[in-house]
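Asks: Need coordinates for the below:
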Amino acid sequence: MRNLIKGFGLGALALAATFAGPAAQAQGYPEKPITIVVPFPPGGSTDLLARKIGEAISGPLGQPVVVENRGGAGGTVGANYVAQSDPDGYTLLMGVTGSNAISAALRDDLPYSPTEDFDPVSIVISSPLVLVVNSESPYTSVEDVIAYAKENPETFTHGTPGVGTSMHMAAELFGLESGTKLVHVPYKGSAAALQDLLGGQIDSMFGDILVTSEYVKAGRLRPLAVTGTKEHYLLEGVPTMAEAGLTNYAAFSWQGIFAPAGTPPEVLDKLYGAISDAVASDDLQALFKERGFLVEGMPPAESKTFIASEVEKWTKVVDAAGLKN
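Replies: As a prediction, the model looks like this:
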């Protein structure tokens with residue numbers, strides 16, 4: 001073995017050291033504080049989840065976990081920062097559906113690729129939406145909406161927090177799968193859309209389950225279907241879109257931890273192990289239930305496959321709707 005190494009010369013030794021570096025670093029990981037970048041301002045659900053996960057994994061990993069907020073451009077500013085960071089496991093992203101899937105479908109000028117510039121650690125949670133109408137609306141089922149929208153093209157309205165949001169994309173997917181064309185009414189936030197729905201100014205919205213379920217209980221909104229693949233515990237008895245007739249329909253908001261592409265597999269696995277244990281803790285389980293989240297906890301390989309499928313799905317929807325920037 002010594003003769004073979006000698007034969008390679010100094011250049012080969014340097015090259016070998018280069019390849020050995022990441023592996024050696026991975027064995028001692030982590031040796032300094034870890035930063036989780038949240039691509040939004042403080043105070044939202046993504047920020048809260050990042051801080052809860054950071055607190056939970058810092059002990060097992062033996063290092064502080066710091067949350068850094070880098071908001072802007074729908075989450076893409078923070079995502080791009082992490083994509084360009086060293087792939088050593090010390091700078092992570094709390095990525096979401098918009099920053100790590102939908103943006104790639106919408107923007108030709110996106111400075112990073114969700115599938116090529118990140119190594120997912122874990123898709124932690126997901127949250128389906130719910131198609132709701134005013135309780136005084138004549139629509140009592142998804143079938144009613146589709147029938148009306150087909151007979152009256154481009155008259156059935158749906159409100160969203162803006163172009164490219166998960167609520168908007170859920171509606172565009174609905175139109176694609178049902179063969180209808182709904183009228184998009186964008187607002188500056190979901191609260192404004194909800195108020196107009198309650199007031200009868202718009203016909204529908206794909207809303208946050210936690211928020212809308214309170215209005216459902218109060219008798220002010222009527223849920224027609226959830227966008228997930230199974231019944232949601234906050235809206236028992238409400239069918240899924242598949243059960244309502246759209247067999248290929250599924251749409252979720254989701255959040256997960258991402259590392260820059262090229263992060264050593266050993267580091268990803270160590271991070272996933274700590275996150276997996278955190279997700280199973282009573283504290284985080286209580287948080288998830290309180291906020292209507294579904295626990296995913298996908299491992300790295302499964303998360304990578306999932307992201308690729310999400311980018312592919314939303315690209316088809318964006319292309320069909322003519323939304324590409």
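
Asks: Could I get the full set of helices for the stretch 201-325 of the chain?
Replies: Using DSSP state H, counting those that start in this stretch, the helices of the stretch 201-325 of the chain run over 209-217, 265-279, 282-291, 300-321.

Asks: Out of those, which gets nearest to Pro153?
Replies: Of all the helices of the stretch 201-325 of the chain, the one in closest proximity to Pro153, counting by C-beta to C-beta, is helix 300-321 (14.5 Å). For every residue, glycine as well, the C-beta is placed using N, CA and C.

Asks: Which positions within that closest one qualify as buried?
Replies: 300, 303-304, 306-307, 310-311, 313-315, 317-318, 321 (16 or more other C-beta atoms under 10 Å).

Asks: who wins for proximity to Asn80 among the helices of the stretch 201-325 of the chain?
Replies: Evaluated with C-beta to C-beta, these place helix 300-321 nearest to Asn80, the distance being 16.1 Å.

Asks: How far does that closest one sit from its chain's centre?
Replies: Counting by C-alpha atoms, centre = their mean, to the nearest Å, helix 300-321 is centred 11 Å from the centre of its parent chain.

Asks: Show me what that helix is packed against.
Replies: Judged by 3 or more C-beta pairs under 8 Å, 6 or more residues apart in numbering; DSSP states H and E, helix 300-321 is in contact with helix 103-106, strand 118-134, helix 166-178, helix 265-279.

Asks: re earlier: ok, the buried residues of helix 300-321 vs Gly159, which is closest?
Replies: Using C-beta to C-beta, Ala321 is the member of the buried residues of helix 300-321 that lies nearest Gly159, at 16.4 Å.

Asks: List the contacts of the closest residue to the closest one other than its chain neighbours.
Replies: Distances taken as C-beta to C-beta, 6 or more residues apart in numbering put Glu172 closest to Ala321, at 4.6 Å, once the chain neighbours are dropped. By C-beta atoms under 8 Å, 6 or more residues apart in numbering, the contact set of Glu172 is 184, 317-318, 320-321, 323.

Asks: okay if I get the residues you listed as JSON lines plus pLDDT and distance to Thr247?
Replies: Below are these laid out as JSON lines (pLDDT from 0 to 100; distance: C-beta to C-beta, whole Å):
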{"residue": "His184", "pLDDT": "97", "distance to Thr247": "24"}
{"residue": "Val317", "pLDDT": "96", "distance to Thr247": "16"}
{"residue": "Val318", "pLDDT": "96", "distance to Thr247": "22"}
{"residue": "Ala320", "pLDDT": "93", "distance to Thr247": "18"}
{"residue": "Ala321", "pLDDT": "92", "distance to Thr247": "20"}
{"residue": "Leu323", "pLDDT": "91", "distance to Thr247": "24"}
